[in-house]
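S.K.: sequence and predicted structure below; questions after.
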Amino acid sequence: MSTAGARLSRQDGWKVLALVVLWLGATAWLRPLMLPDEGRYASVALEMLRSGDWLTPMLNGLPFFHKPPLFYWISGAAMGMTGSSELAARSASLAGATLGAIALYLFVRRWCGMASARRAVIVLAVQPLFFLGAQFANLDMLVAGCITATVLALAHAALSFEAGQPDRRALWLAYGLSALGVLAKGLIGFVLPAMIVGLWLILRRRWRSLLALLSLPGALLFMLVAAPWFVLMQQRFDSFLHYFFVVQHFQRFAAGGFNNVQPFWFYPAVLAGCSLPCILWSRPAFTRGYWRAEGTPGDVRLLMALMAGCVTLFFSLPQSKLIGYILPAVPALAWLMADAGQRAQASRKSRSWWRVSLAISALIGLGVVLALTANPRYSARHMGQVLKARHQPGEPVYMLGEYVYDLPFYAGLDRPMRIVDDWQSPEIARRDNWRREMVDAGAFDPALAGQVLVTPKQLPAALCGNEAAWVVGDAQATQMLPLLAQVAPVFSEHGQTLWRVDPRQVLPSCAEMPNGGSAGR
């Protein structure tokens, strides 16, 4: 490439990067955090920042090892620089989406041309799944970006090797990106790219390319990036590796008993429905001629088809299915829609309808964000703001029969809350919900769990140890703590109520305890 051509490519790349960031981030601050996922992960990141312990993720002060720490590192660092805002809480998801979009652009620009790269990024950016995933504070978009970038870096290294061009930097980059994928969400950061690219090379019978992707320096880089956190956590917590890999990986994938059970066809239906109307332009992809292309165009089409297909099949096997799991398939599907759609645009009228399709997709994503902003029934932001304004240092907060994940985030609490429930119930072990999360986390720190996981029988004595306490509960809260019937609510919204309780006034038993009681201090 000439010097002028290289400069033009760099300028175009920076423009695409800026547009992607502006488009995805323009509405990321609008709506409050959504319960439970956004509230959970944002609170863990904020707790990591406030505690100064950047190694151990903590949920309500208890070690929380459902996921590795990359999301918390990025979001926690963003909160440290800009404050605990929704935009900062979603920074890791925005980073993952940007990584995936730019990786797609760079790969397609190199092997299919600049026009194809621009078209693919536009189609990707307006897909509702991608647009909303980039603005949702959980780990799915971050790992999707890492997986997409890893696959494309490996494919770039293989195609460069086959063309007799330097490929080491791209190969080492792929290993590093795979390690980040492992730190983002675990083994899928390595397993999915290896599966996709390995199958791609086998189907193309590129045995030498397959061997060329095996790199000892790359493996060392992978271990240097991914391994230290796991080693350190195992040194701190004896059962960490078993819980993280056996329970949270293999049992979740192979066993039942988890939430969100869906049929096998769930993800194909989600991808097709959420890709409307752009997917209607993909009819050429269902013809034999489309897949008979030789050389690089055919290789890229096969890669993208395998990427979308392998991800969809892999996540369709477990019974438990969440929409965000399918995000690694979206960039490849976007490229296929853009590529097949370009072939279908033979007339000016067809090109106009294609633009209309893109606009409709963009409006769907924007419409969902605006609708959630206008009706935030899924968030406790207003309650958290009220609590933050009136809460005094040292006053404990009790949650009765429920854990409102985003309340610590919005209330700015710097101490764990006391969560009141029947923690000895056998139902906790059988159900995949917030109670099981708390019990699992408490197993790593039993001493603290004994303080923050309170039973209804312990609650009156715990309240007596404080001059004032805050209580959060739903309509059933008065059954667990009848004294609340004597206390005027401070705030009520979306079925949740906030009370400020003076135990000495409403609990006669407190007066019988020395100095007004000492339990719960």
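M.R.: On my side now, so go ahead. Numbers count the residues shown, from 1 in each chain.
S.K.: which intervals of the stretch 251-400 of the chain have sub-threshold pLDDT?
M.R.: The stretch 251-400 of the chain contains residues with pLDDT under 70 at 254-259, 344, 346-347.
S.K.: now do the helices in it.
M.R.: 252-254, 266-274, 288-291, 295-316, 330-344, 348-374, 381-390 (DSSP state H, counting those that start in this stretch).
S.K.: want to throw those into TSV with mean neighbour count?
M.R.: All C-beta atoms are positioned from the backbone trio N, CA, C, and that covers glycine. Shown next, in TSV, are the helices of the stretch 251-400 of the chain (neighbours: other CB atoms under 10 Å):
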stretch	mean neighbour count
helix 252-254	14
helix 266-274	16
helix 288-291	11
helix 295-316	20
helix 330-344	24
helix 348-374	15
helix 381-390	18
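S.K.: for Leu33, find the nearest of these.
M.R.: Proximity to Leu33 (CB to CB) singles out helix 381-390 among the helices of the stretch 251-400 of the chain, at 7.2 Å.
S.K.: got the CA coordinates for the closest one in PDB?
M.R.: Listed next in PDB are the C-alpha coordinates belonging to helix 381-390 (Å, rounded to 0.1, in the frame of the first residue of the first chain):
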ATOM      1  CA  ARG A 381     -32.500   4.900  41.700                       C
ATOM      2  CA  HIS A 382     -35.000   7.300  43.300                       C
ATOM      3  CA  MET A 383     -35.000   5.300  46.500                       C
ATOM      4  CA  GLY A 384     -31.300   5.300  46.500                       C
ATOM      5  CA  GLN A 385     -31.100   9.000  46.100                       C
ATOM      6  CA  VAL A 386     -33.500   9.600  49.000                       C
ATOM      7  CA  LEU A 387     -31.500   7.200  51.200                       C
ATOM      8  CA  LYS A 388     -28.200   9.000  50.200                       C
ATOM      9  CA  ALA A 389     -29.600  12.400  51.200                       C
ATOM     10  CA  ARG A 390     -30.900  11.300  54.600                       C
END
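S.K.: who touches it?
M.R.: 32-33, 397, 404, 406-413, 470, 472, 490-491, 493, 496, 498, 500 (CB atoms under 8 Å, 6 or more residues apart in numbering).
S.K.: how does it look with 10 Å?
M.R.: 31-33, 39, 86, 376, 380, 391, 395, 397, 404, 406-413, 470, 472, 490-494, 496-498, 500 (CB atoms under 10 Å, 6 or more residues apart in numbering).
S.K.: for the helices of the stretch 251-400 of the chain, give me JSON lines that also has distance to Ser91.
M.R.: Listed next are the helices of the stretch 251-400 of the chain as JSON lines, based on distance: least, CB to CB, whole Å:
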{"stretch": "helix 252-254", "distance to Ser91": "26"}
{"stretch": "helix 266-274", "distance to Ser91": "24"}
{"stretch": "helix 288-291", "distance to Ser91": "39"}
{"stretch": "helix 295-316", "distance to Ser91": "24"}
{"stretch": "helix 330-344", "distance to Ser91": "20"}
{"stretch": "helix 348-374", "distance to Ser91": "17"}
{"stretch": "helix 381-390", "distance to Ser91": "18"}
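S.K.: for these, which one sits closest to Ser239?
M.R.: helix 252-254 (16.6 Å).
S.K.: go ahead and confirm Val44 touches Pro57.
M.R.: Yes: between Val44 and Pro57 there is a contact under CB atoms under 10 Å: 5.1 Å.
S.K.: so what sits against both of those two?
M.R.: Phe64, His66, Lys67, Pro69, Phe71, Tyr72, Gly76.
S.K.: before we move on, the earlier item: which of the contacts of helix 381-390 count as buried?
M.R.: 31-33, 39, 86, 376, 380, 391, 395, 397, 404, 406-411, 413, 470, 472, 491, 496-498, 500 (16 or more other CB atoms under 10 Å).
S.K.: these in helices, which ones?
M.R.: Of those, the ones assigned to helices by DSSP state H are Gly39, Glu86, Leu407, Pro408, Phe409, Tyr410, Ala411.
S.K.: and the gap between the second one and Gln235?
M.R.: Which is Glu86. Distance, Glu86 to Gln235, by CB to CB, to the nearest Å: 35 Å.
S.K.: how close does Gly273 get to Leu363?
M.R.: 16 Å.
S.K.: which residues does Ala340 contact?
M.R.: Applying CB under 10 Å, 6+ apart, the residues contacting Ala340 are Cys278, Ile279, Trp281, Ser282, Arg283, Pro284, Ala285, Phe286, Thr287, Tyr290, Arg301.
S.K.: ok, 6 Å please
M.R.: Ala340 makes contacts with Ser282, Pro284, Ala285, as judged by CB atoms under 6 Å, 6 or more residues apart in numbering.
S.K.: then Leu183?
M.R.: Residues in contact with Leu183 (CB under 6 Å, 6+ apart) are Pro68, Leu70, Ala226.
S.K.: repeat that with 7 Å
M.R.: Pro68, Pro69, Leu70, Ala226, Trp229 (CB atoms under 7 Å, 6 or more residues apart in numbering).
S.K.: repeat that for Ala92.
M.R.: Phe71, Ile74, Ser75, Leu142.
S.K.: cool, Phe131 as well?
M.R.: Leu24, Ala125, Gly365.
S.K.: mind doing that once more with 10 Å?
M.R.: Phe131 neighbours (CB under 10 Å, 6+ apart): 23-24, 27, 97, 124-125, 330, 361-362, 364-366, 368-369.
S.K.: export these as CSV, with columns for distance to Gly384.
M.R.: Below are the contacts of Phe131 laid out as CSV (distance: CB to CB, whole Å):
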residue, distance to Gly384
Trp23, 29
Leu24, 26
Thr27, 21
Ala97, 27
Leu124, 34
Ala125, 32
Val330, 32
Ser361, 34
Ala362, 32
Ile364, 30
Gly365, 27
Leu366, 26
Val368, 23
Val369, 21
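S.K.: of all those residues, which two lie farthest apart?
M.R.: Farthest pair in the contacts of Phe131, by CB to CB: Thr27 and Val330, 18.3 Å.
S.K.: other SSEs contacting the strand or helix carrying Arg118?
M.R.: In the assignment (DSSP states H and E), Arg118 maps to helix 114-126. In this structure, helix 114-126 packs against helix 3-25, helix 91-112, helix 128-133, helix 295-316, helix 330-344, helix 348-374, with contacts taken as 3 or more CB pairs under 10 Å, 6 or more residues apart in numbering; DSSP states H and E.
S.K.: out of those helices, nearest to Phe240?
M.R.: Closest among the helices and strands packed on helix 114-126, using CB to CB: helix 91-112, at 22.1 Å.
S.K.: give me the neighbour count for Gly80.
M.R.: 15 (other CB atoms under 10 Å).
S.K.: picking that back up, output the helices and strands packed on helix 114-126 as JSON lines; include the columns distance to Val439.
M.R.: JSON lines is the format used below for the helices and strands packed on helix 114-126 (distance: least, CB to CB, whole Å):
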{"stretch": "helix 3-25", "distance to Val439": "37"}
{"stretch": "helix 91-112", "distance to Val439": "27"}
{"stretch": "helix 128-133", "distance to Val439": "30"}
{"stretch": "helix 295-316", "distance to Val439": "27"}
{"stretch": "helix 330-344", "distance to Val439": "35"}
{"stretch": "helix 348-374", "distance to Val439": "31"}
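S.K.: figure out which of these is closest to Ala477.
M.R.: Per CB to CB, nearest to Ala477 of those: helix 348-374, 26.9 Å.
S.K.: which helices and strands sit right next to the closest one?
M.R.: So helix 348-374, by 3+ CB pairs under 10 Å, 6+ apart, packs with helix 3-25, helix 114-126, helix 128-133, helix 266-274, helix 330-344.
S.K.: can you do 7 Å?
M.R.: Here helix 348-374 touches helix 114-126, helix 128-133, going by 3 or more CB pairs under 7 Å, 6 or more residues apart in numbering; DSSP states H and E.
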